[in-house]
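dropping the sequence and predicted coords here.
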There are 2 protein chains.
Amino acid sequence: MEEPVPSPRKRANANRSRILDAAMRCFAGDPDASMGDVAKAAGVVRRTVYAHFPNRDALVEGLADEAGAALAASVEFPEPEDAAVALAAGVLRLGPVSDRYRVLLSFARKEVGEERISELIAPVRTHTYGVVERGRAAGVFSAYLPTVVLVGMMEGLTIATLEQANRGVVDDASGAMALGVLVLAGVAPDRASEVVGSARRWLQITA
Amino acid sequence: MEEPVPSPRKRANANRSRILDAAMRCFAGDPDASMGDVAKAAGVVRRTVYAHFPNRDALVEGLADEAGAALAASVEFPEPEDAAVALAAGVLRLGPVSDRYRVLLSFARKEVGEERISELIAPVRTHTYGVVERGRAAGVFSAYLPTVVLVGMMEGLTIATLEQANRGVVDDASGAMALGVLVLAGVAPDRASEVVGSARRWLQITA
DNA sequence: AGTTAGTTGCACATATGTGTGCAACTAGAC
DNA sequence: GTCTAGTTGCACACATATGTGCAACTAACT
């Protein structure tokens, strides 16, 4: 309910954002970068970081919140009827945001708990799970593996591809991811490219 | 060329192994566990660890060496003719050893360099790459994605499944991995289970 | 001009990990 | 028995990160 307060605060809020941003970048390079590193990367003094976040955990928690919100938002979009197209569209939409917060997975065990991470990506996971189940019922996907396992594989495949992309091995990461996920779900490789095309069109229309 | 030296050394060598083993377990739980933690886990005093490994890096390097050797060994086995069966057999063989050293990936960026890790899994990677290419030439795999990307996805899929297995979500991790990898390569899901069966038989015969 | 929120720069206590040095101990080898 | 390699238990110096306290500074708002 904080009304738009004047402007000594403006810089303050801006700094908060810059710190979160810098923290993201730092932790991407080294999961346990120091508060000093983050401060430097944010163009701020260490003491200032503590003015915004009482301690390291709070900072990480801030990051996790951002990530959670973005991930949750990424699955709230009109769903194509065809489950295959829906799955592809989901992957295509998730690509960028997922890359931004891929880092969080790297300090899963420590900083944030394993279960907190699960909590964060839960929306995406359940959404994917639903689409896969739906596609199976409709006969467009195969049921050669339990859905949970399959979804887990999709996650792994996804982050692996994102890492490759960050290393410049692949250009169209989202497209590749979508193809891989579809084929893994049991869609025939030739059919998969068509589906990705449809998904692309769908996203362009709805966006 | 060290001849079988008496036995004050016996305990020494045994300890070295126990330390490496403990280090593996510790680092699995927390990528930057302290030397003290490792020592405790090995049932040894911290000072003794330093008697075997001059510093932390040396210890990690020892781990990396073990891992490298095991990984390299895992791809040296008679190759089935059918590329699909070969791919499945490779995954099945790799499963256990890969799980043992999956941890190394978790401190890729820091302790060991990114490129050192690449170096370690290079044998497996090139082997997989070769099998995939061979399968494509024979028409049993599809070429809907560049081979490098595909192999990268397979790696991601694999470790994701291993993590699920370690959390008890899936029982037959190796089998699931093999299925996933085959389907991802473009083998039809129904055909995939047969292939895995063949691979299992092959491994039983040759082993 | 004066108030005020935010920033800066420094100093400090605290904690934790690393690597080393040294003397005492143990149990086989000779 | 004595020698010897390996282990133990402590002590130390050193480095690095955390979180706090405080006084000085800045710039906008009243």
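Cool, got the structure. Residues are numbered from 1 along each chain as shown, chains lettered A, B, ... in the order given.

pLDDT at the residue nearest to the spatial centre of chain A, what is it?
The residue lying closest to the centre of chain A (Cα atoms, centre = their mean) is residue A:98, at 2.2 Å. At residue A:98, the model reports a pLDDT of 86.

what about it, which helix or strand?
Applying DSSP states H and E as the criterion places residue A:98 in helix A:83-106.

quick check: next helix or strand after the helix or strand of chain A with the lowest mean pLDDT?
Sorted by mean pLDDT, DSSP states H and E, the helices and strands of chain A end with helix A:8-29, the least confident at a mean of 87. Next helix or strand after helix A:8-29 toward the C-terminus (DSSP H and E): helix A:35-42.

from the contact counts, what lies against that following helix?
helix A:8-29, helix A:46-52, helix A:56-74 (3 or more Cβ pairs under 8 Å, 6 or more residues apart in numbering or on different chains; DSSP states H and E). Every C-beta, even on glycine, is put in place using the N, C-alpha and C of the backbone.

between it and helix A:56-74, how big is the angle?
50 degrees (axes from the mean of the first three to the mean of the last three Cα atoms, to 10 degrees).

show the average pLDDT along helix A:35-42.
On average, the pLDDT along helix A:35-42 is 98.

on that earlier part again, so what's the residue nearest to the centre of chain A up against?
A:71, A:74, A:158-159, A:162 (Cβ atoms under 8 Å, 6 or more residues apart in numbering or on different chains).

let's see it at 7 Å
Listed by Cβ atoms under 7 Å, 6 or more residues apart in numbering or on different chains, the contact set of residue A:98 reads A:158, A:162.

just how off-centre is the helix holding residue A:98 within its chain?
Distance of helix A:83-106 from its chain centroid, counting by Cα atoms, centre = their mean, to the nearest Å, is 6 Å.

close to chain B, is the helix or strand just after it?
Downstream of helix A:83-106, the first helix or strand assigned by DSSP H and E is helix A:114-138. No. Under the criterion of Cβ under 7 Å from any Cβ of the partner chain, chain B is not reached by helix A:114-138; the shortest gap measures 8.5 Å.

and helix A:114-138, what does it pack onto?
With contacts defined as 3 or more Cβ pairs under 7 Å, 6 or more residues apart in numbering or on different chains; DSSP states H and E, helix A:114-138 has these neighbours: helix A:56-74, helix A:83-106, helix A:147-166.

what mean pLDDT does it have?
The pLDDT scores in helix A:114-138 average 95.

what's it in contact with?
A:64, A:67-68, A:71-72, A:74-75, A:83-84, A:86-87, A:90, A:94, A:104-105, A:108, A:141, A:143, A:147, A:150-151, A:154, A:185.

for PyMOL, write a command that selects the buried ones of the residues you listed.
Typed into PyMOL, the line below selects the buried ones among the contacts of helix A:114-138, using 16 or more other Cβ atoms under 10 Å in any protein chain shown:
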select buried, chain A and resi 64+67+68+71+74+75+83+84+86+87+90+94+104+105+108+141+143+147+150+151+154+185
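
overlap between the contacts of helix A:114-138 and the residues near DNA strand D?
Near DNA strand D, judged by Cβ under 7 Å from any atom of the strand, there are no entries from the contacts of helix A:114-138.

which positions in chain A make contact with DNA strand C?
Chain A comes close to DNA strand C at residues A:8-9, A:11-12, A:15, A:43-48, A:51-52, as judged by Cβ under 7 Å from any atom of the strand.

which of the residues you listed are buried?
A:15, A:44, A:52.

the closest residue in space to the last one that isn't next to it in sequence: neighbour count?
Put plainly, it is residue A:52. In space, and not counting its chain neighbours, residue A:52 is closest to residue A:16: 5.0 Å by Cβ to Cβ, 6 or more residues apart in numbering or on different chains. By other Cβ atoms under 10 Å in any protein chain shown, 17 other residues sit near residue A:16.

before we move on, what about the one 10 residues further on?
Counted with other Cβ under 10 Å, the burial measure for residue A:26 works out to 21 neighbours.

my guess is it contacts residue A:39, does it?
No. With contact defined as Cβ atoms under 7 Å, residue A:26 does not reach residue A:39; the gap is 9.6 Å.

near chain B, which residues of chain A show up?
With Cβ under 7 Å from any Cβ as the criterion, chain A meets chain B at residues A:30, A:109-110, A:142, A:144-145, A:148-149, A:152-153, A:155-157, A:159-161, A:164, A:169-170, A:176, A:179-180, A:183-184, A:186, A:189, A:192-193.
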